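Trainee: here is my input, please return the structure:
(one chain, ligands or ions: 1)
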Amino acid sequence: MGFQANGIEVEVVQGDITDQSDMDAIVNAANAELRMGGGVAGAIHRAAGSELDEETRPLAPINTGEAVMTSAPNLPNRYIIHCLGPVHGVDDPASTLLASCYQRALELAEDAGLESVAFPAISTGAFGFPMEQAAEVASRTILARSGSLQSVRRLRWVLFSEEDRILHEEVFESVLNA
Ligand code: ADP
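Mentor: Numbers count the residues shown, from 1 in each chain. All right, here's what the predicted structure looks like:
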């Protein structure tokens, strides 16, 4: 499903973050050490291989709410933006830290002059952040930041399950089409 926010195209799709060949950058739901891990980080590092580990090692560790950018070896994208989301119930205030991830990722994409970025639902897997609240943070951050984007014109949220995709569509609809 597609939305608009201040002229930015915002898509919500079901799929795999490593399979977004028409996007300049994909976002990794990283761990502080920028290593393999499970979920999104597992899928990205498996696809990218040891070249990515060599690039991330000197950049780690990163703080919660921060993002760093690397190339995207063996992936169809130009860059990977690695974000460290909050662990629900541990990192506080979790919503602000999650918003900071999205904001920092958008800033890095802008600085690099990118046109398109695909995001997973950061923190909603191993880090336990509630899916609906995460969709609210994502869509409110888009709304707040879209007006200042210049090079970035397309954003995509890639959800793994149909249930998560539908939930995101509902929340994005109510926040972006309000
Ligand atoms: P975190 O540690 O930040 O919680 P996870 O990678 O554990 O990150 O999960 C984040 C979200 O990404 C979860 O909703 C999970 O279902 C989803 N997910 C897992 N693998 C993929 C993938 N390959 N592509 C897109 N989303 C994925």
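Trainee: who's the most centrally placed residue in the chain bridged to?
Mentor: Compute the mean C-alpha point of the chain, and by C-alpha atoms, centre = their mean the closest residue is Phe119, 3.1 Å away. When assigned by DSSP bridges, Phe119 has beta-bridge partners Trp157.
Trainee: check the offset of stretch 39-53 from the chain's centre.
Mentor: 15 Å (C-alpha atoms, centre = their mean, to the nearest Å).
Trainee: Arg154 contacts Phe119, doesn't it?
Mentor: No. With contact defined as C-beta atoms under 8 Å, Arg154 does not reach Phe119; the gap is 11.5 Å. Quick note: C-beta positions are derived from backbone N, CA and C, even for glycine.
Trainee: with Thr18 as the reference, measure out to Asn74.
Mentor: 10 Å (C-beta to C-beta, to the nearest Å).
Trainee: anything in contact with each of these two?
Mentor: Ala47 (C-beta atoms under 8 Å, 6 or more residues apart in numbering).
Trainee: and those two? Which one has more around it.
Mentor: More neighbours surround Thr18 than the other of Asn74 and Thr18, with 24 against 11 (other C-beta atoms under 10 Å).
Trainee: who touches the more buried one in this structure?
Mentor: Here Thr18 is in contact with Ile26, Ala43, Ile44, Ala47, Leu75 (C-beta under 8 Å, 6+ apart).
Trainee: same for the ligand: which of those residues are within range?
Mentor: Of the residues in the contacts of Thr18, proximity to the ligand by C-beta under 6 Å from any ligand atom holds for Ala43.
Trainee: among the contacts of Thr18, which ones are in helices?
Mentor: Ala43, Ile44, Ala47 (DSSP state H).
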